[in-house]
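Student: fold the following for me, if possible:
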Amino acid sequence: MTSLLLALAAAAASALLGEADLAPALTGPPATAAALLEDGRPTDALAALGRATRPEARLVRGLSCEAAGRFDEALAALDRLEIALPALADRVLAARGRALAGLGRHREAAQAFAGVGPGSLHRQGAVLGRARALAAAGDPRSGLAALAPLLEAGQGGVRPAAALLLAGRLLAASPPPDPAGARAALLECWAGRPAEPEAPACLAALRELPGAAGEAPPPAEVLRRAEGLLERNQTAEVLALLGPVVKLAPPAAAAEPEACRARAALGRALRRDRQNGRAAELLRPVADRCTDPAVRSRALYVLATAVSAGGAREEAIALYRRFAREQADSPLADDALFAAADLAARAGRAAEAGEALAALVRDHPAGDRRDEARFRLAWLAWRGGDAAQAVAGLLAIEEEAREVDPYEHARAAYWRARLLSAGGEAERAAARAVWAGLVEAAPADYYALLSRARLAGEDGLLLPGAAPPAPAAAPLDPGPLAEDPHLAAGLALLRAGFRRVAAEELRAVERSRLAAGGPLGPVLCLAALLERAGDHQAAHQLLRGAARAALRQPPEGPLRQLWEVAYPPAHRELVRRHAPPAGVPPELLQALMREESALDPAAVSPAGAVGLTQLMLPTARRVARRLALPAPDRAGLMEPATSIHIGAAYLGELLGRFHGSAPLALAAYNAGENAVERWRAAAPGLPLDEFVEEIPYDETRGYVKRVLRSYASYRLLSGGAQAAQVVAPERPGRAGRAAARPGG
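Tutor: Residues are numbered from 1 along each chain as shown. So this is what the prediction gives:
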């Protein structure tokens, strides 16, 4: 029995991934070859490899030769490499197929592509490659048959645009030609896969079909494409596509379903383009006359948002209430009631707002606005002078959320203590106990920052000092993920020096193997590997979902490693170079980047903000002019150095404008400086905690809290002996005493 236990322990230990398992297989100049290849420099990659002969070097050599068009050399390097690197067999076979096709050895290429199995990330490319190879070998019908795995089901049940494009071309060219089938495939590609890069080529191929020279797609297909683009926030093309369609369409009516859909889609696009008056004009008849429930429901809700944005408060309230009545089963019904309550409250009609919120809580117990509605009911009670009712409401939220929603629990607890602190000695002592508990439970939480300041007698936020030094990193434990072929492929690629393609494999690891509430070791393992592959965004998202509770606890002991992956010091040298001269604490800039872009340099928001610091082009160009930098374009803002330099300078401007108040500067970064000035003017002298809670925009309110939480987290991990520090004690709306500049 003892020997069996020892064997099991040895097997378990062997599954752990230590630094030796993660160390690069190539050293010296060859270690840079894969990075050079991923940077589009295959010739430099080959030069860096020299005479290296390890299997990983042969892989880089083969892929580099293929990229350089040296197909004979590629085949020689890749020969039987799938045996030496079994985790990358599919990648080797796909590369061999491409090299054989490049040499015109199409039958052999088709055979190589056929070896790439269904679970591979290269499966779609291999199926397409095999179909093209068979067609190039003079057998287009076999090429069409080879496409069947993609055309019949596709990945996730969706036929890929590239397969539809190839099918359309083969159907048009194969004997006998099938123009009707070709037309159907190409229309499906253009209209049904509107955001795919092949869509323009599908339209061009469609217009080249016999008898279709210059022919425009039918209006129904134009509408289908526009609706697909709308779901992907490509508003400008939707406006261009649907303007002519709506102009020629009959009025919206029950008997005109396509006209209803077209007007509804164009109205939604106009609303996103902030053309609220025109949007409302198009959407009113859809909401009143059209009978398709889905079209009418969405049109009515968007109409209410357009009218509200246009400033017609009373009509907007009526439309939101109408939506809640007519669409009571819609997942947006609670949102409509909440919006109506918010507008009523801002008009000073607290009783009406309370009635709408109470209806939301009563009628939509599973709605995603229920918790916020309950908090707002307590807030209205407090603002109306009924502190006892407010405390009771907050206590109910606090107790219900204790085990299920840490955010709602902390918010309710903080504010209940805040109300108690205005009472007698016993109430003040109870308040301090609540605040101390919040600080201990989650030291970087937004409400812990407020609580720490309250305990210190400050009006603002108090950042924590640095946590204890990190212990030695423990080996990574993949647990059940060890059986996933994508994890094995990602590891092999990382060891070969590939980061981008390693991240692609790691993102494909089957997440269902990570049991909810299960051990955090496999979660940490996958996130740490994604981090090594340079995919901060994927690592961030994984931990935000699977390790939320652990990241609320102090970053001590085994949790320290988890925190360091969740809050990586991405682009640390650039941050350290540009943040201090701009008057910005490096940890604050790091936090802003994490929350703005999930540390993705190529991130682009639906509104058009670009890069790590999510700058709008006009703002970036104005700040660049002040810095005597060239005016950046969209591609330039995707360069980390440019984004960080300009983003730091802009955040520094805002900190200066708002007397060092990080919360106000962050609110302005998200919603605009003028908006923050309006909010301050509307509520002069409001304490900071109340001001943030009353920010009118949900997005901005949540953004400020998230960035401050990340700021505190980076401070905890900073490694220096930093003391706790007050952030922005100044009250919004008055110059008052100047706040200490964060990090200054």
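Student: what segments of this structure are strands?
Tutor: In the chain, the strands defined using DSSP state E lie at 461-463, 725-727.
Student: going by mean pLDDT, which of these comes out lowest?
Tutor: Per-stretch mean pLDDT for the strands of the chain is lowest at strand 725-727 (a mean of 62).
Student: model confidence for the spatially closest residue to residue 636 that is not a sequence neighbour, exactly?
Tutor: Take residue 636 and drop its neighbours on the chain: the residue closest to it by Cβ to Cβ, 6 or more residues apart in numbering is residue 642, 5.2 Å away. Every residue, glycine included, has its C-beta placed from N, CA and C. Residue 642 carries a pLDDT score of 98 in this model.
Student: what count of nearby residues applies to residue 642?
Tutor: Residues within reach of residue 642, counting by other Cβ atoms under 10 Å, total 25.
Student: and for the one 4 residues further on?
Tutor: In terms of burial, residue 646 registers 27 neighbours under the definition other Cβ under 10 Å.
Student: again, but for residue 541
Tutor: Counted with other Cβ under 10 Å, residues neighbouring residue 541 total 15.
Student: from here on, call the first residue 639.
Tutor: Taking 639 as the first residue, the last one we looked at is residue 1179.
Student: so what's it up against?
Tutor: residue 1236 (Cβ atoms under 8 Å, 6 or more residues apart in numbering).
Student: mind redoing it with 10 Å?
Tutor: Contact partners of residue 1179, counting by Cβ atoms under 10 Å, 6 or more residues apart in numbering, are 1145, 1165, 1168, 1173, 1236.
Student: how much space between it and residue 1165?
Tutor: In this view, residue 1179 and residue 1165 are 9 Å apart by Cβ to Cβ, to the nearest Å.
Student: list residues touching both of these two?
Tutor: Common contact partners of residue 1179 and residue 1165 (Cβ under 10 Å, 6+ apart): residue 1173.
Student: I'd guessed residue 944 sits against residue 912; true?
Tutor: Yes: applying Cβ atoms under 10 Å, one finds residue 944 in contact with residue 912, separated by 9.3 Å.
Student: where does the stretch 639-788 of the chain dip in pLDDT?
Tutor: 639-652 (pLDDT under 70).
Student: compare the contacts of residue 1179 and tell me which has the most neighbours.
Tutor: Neighbour-wise, these (other Cβ under 10 Å) top out at residue 1165, 29 neighbours.
Student: what sits against it?
Tutor: By Cβ under 10 Å, 6+ apart, the residues touching residue 1165 are 1114, 1144, 1158, 1173-1174, 1176-1182, 1184-1185, 1199-1200, 1203-1204, 1206.
Student: try residue 802
Tutor: Neighbour list for residue 802: 785, 788-789, 792, 822-828, 830-831, 834, 836-837, 840, 843 [criterion: Cβ under 10 Å, 6+ apart].
Student: 6 Å - rerun?
Tutor: Taking Cβ atoms under 6 Å, 6 or more residues apart in numbering, we find residue 802 in contact with 823, 826, 827.
Student: go on, residue 1258?
Tutor: Counted by Cβ under 6 Å, 6+ apart, residue 1258 has contacts 1270, 1275, 1284.
Student: what about the last one, distance to residue 985?
Tutor: Taking Cβ to Cβ as the measure, residue 1284 and residue 985 are separated by 40 Å.
Student: neighbour count winner among residue 944 and residue 912?
Tutor: For residue 944 versus residue 912, neighbours defined as other Cβ under 10 Å are more numerous around residue 944 (28 against 12).
Student: ok, the more buried one touching residue 909?
Tutor: Yes: contact criterion Cβ atoms under 6 Å: residue 944 and residue 909 qualify, at 4.8 Å.
Student: what sits in contact with each of these two?
Tutor: Counting by Cβ under 6 Å, 6+ apart, the residues touching both residue 944 and residue 909 are residue 917.
Student: for the residue lying closest to residue 898 once chain neighbours are set aside, what are its contacts?
Tutor: Nearest non-adjacent residue to residue 898, counting by Cβ to Cβ, 6+ apart: residue 928, 3.7 Å away. For residue 928, the contacting residues are 890, 898, 934, by Cβ under 6 Å, 6+ apart.
Student: tally of neighbours for the second one?
Tutor: Yep, that's residue 898 we're talking about. With other Cβ under 10 Å as criterion, residue 898 counts 25.
Student: what do you get for residue 1059?
Tutor: Residue 1059 has 16 neighbours, counted by other Cβ under 10 Å.
Student: count residues in the vicinity of the residue lying closest to it once chain neighbours are set aside, would you?
Tutor: Using Cβ to Cβ, 6+ apart and skipping the chain neighbours, the partner closest in space to residue 1059 is residue 1069 (4.0 Å). Residues near residue 1069, counting by other Cβ under 10 Å, number 23.
Student: so who does residue 1069 touch?
Tutor: With contacts defined as Cβ under 6 Å, 6+ apart, the neighbours of residue 1069 are 1055, 1058, 1059.
Student: separation between the first one and residue 1343?
Tutor: Read that as residue 1055. Taking Cβ to Cβ, one finds residue 1055 at 17 Å from residue 1343.
Student: show me which of the two is the more surrounded one.
Tutor: residue 1055 (27 against 23).
Student: what about stretch 1088-1103, start to end distance?
Tutor: Terminal residues of stretch 1088-1103 lie 15 Å apart, using Cα to Cα, to the nearest Å.
Student: go on, stretch 1128-1142?
Tutor: One end of stretch 1128-1142 sits 8 Å from the other (Cα to Cα).
Student: so for that stretch, what gets flagged as buried?
Tutor: 1128-1137, 1139-1142 (16 or more other Cβ atoms under 10 Å).
Student: try stretch 1211-1229
Tutor: For stretch 1211-1229, the neighbour count (16+ other Cβ under 10 Å) marks 1212-1213, 1216-1218, 1220-1229 as buried.
Student: which ones among the residues you listed lie within helices?
Tutor: Using DSSP state H, the subset of those located in helices is 1212, 1213, 1216, 1224, 1225, 1226, 1227, 1228, 1229.
Student: CSV for these, including distance to residue 653 and pLDDT?
Tutor: Shown next, in CSV, are these (distance: Cβ to Cβ, whole Å; pLDDT from 0 to 100):
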residue, distance to residue 653, pLDDT
1212, 37, 97
1213, 36, 97
1216, 42, 98
1224, 38, 96
1225, 36, 96
1226, 40, 97
1227, 39, 98
1228, 34, 97
1229, 35, 97
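Student: if we ignore the residues flanking it in sequence, what's nearest residue 1182?
Tutor: Excluding the flanking residues, the one nearest residue 1182 by Cβ to Cβ, 6+ apart is residue 1204, at 7.6 Å.
Student: next, count neighbours for the one you found.
Tutor: By other Cβ under 10 Å, 25 other residues sit near residue 1204.
Student: my guess is it contacts residue 1183. True?
Tutor: No: under the criterion of Cβ under 6 Å, residue 1204 is not in contact with residue 1183, lying 11.2 Å apart.
Student: for residue 1108, the count of nearby residues, please.
Tutor: Look at residue 1108: counted by other Cβ under 10 Å, it has 15 neighbours.
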